[in-house]
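Novice: dropping a prediction and its sequence here:
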Amino acid sequence: MIYLVAALLVLGAFMMFLTGLGIYRMPDVFTRMHAATKASSLGVALLLLAAILVFRDPMVLTKSLVTILFIFLTAPVAAHLLGRAAYARRTALWEHSVVDEARGKIATAEGEAGGRAG
């Protein structure tokens, strides 16, 4: 059991490290948000699963599972809203971005749909 807990803690910490690394290394706000939400959600879930196994308490189990569910439900929504707001404010895409799927679908800060210069 201790090896499983240790593995969960190491994997969770590694995912959190990858989150920080992704935020630091990614070229634009949109790819940074992807790194922040995907890896950190998994990292937090692994750390909380380790806590469940260590404490073996029904209250810890309940609170941890509710927290995991909350993070899995809210992190993608928050990232989507932040990305949409950044796009509407005309935040620059990475120069090597190939496709702009939001062009013409999201109103920009000036109030026009798809008014991004390209």
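Specialist: It's in. Numbers count the residues shown, from 1 in each chain.

Novice: phi first, then psi, for Pro62.
Specialist: Wrong residue type there; residue 62 is Thr, not Pro. phi -60, psi -50 (degrees, to the nearest 10).

Novice: for Leu8, which non-adjacent residue is spatially closest?
Specialist: Using Cβ to Cβ, 6 or more residues apart in numbering and skipping residues adjacent in sequence, the residue nearest Leu8 is Ala50, 3.8 Å away. For the C-beta atoms, the positions are set from N, CA and C on the backbone; glycine is no exception.

Novice: same check, this time on Leu42
Specialist: Met15 (5.0 Å).

Novice: ok so that neighbour is a helix residue?
Specialist: Yes - Met15: assigned to a helix according to DSSP: H, G, I helix; E, B strand; the rest coil.

Novice: before we move on, the earlier item: any idea which element the residue nearest to Leu8 lies in?
Specialist: In this structure, Ala50 is located in helix 29-55 according to DSSP states H and E.

Novice: and Ala39, how many neighbours?
Specialist: Counted with other Cβ atoms under 10 Å, residues neighbouring Ala39 total 20.

Novice: contacting residues around it?
Specialist: 15-16, 18-19, 22 (Cβ atoms under 8 Å, 6 or more residues apart in numbering).

Novice: also Met33?
Specialist: Here Met33 is in contact with 79, 82-83 (Cβ under 8 Å, 6+ apart).
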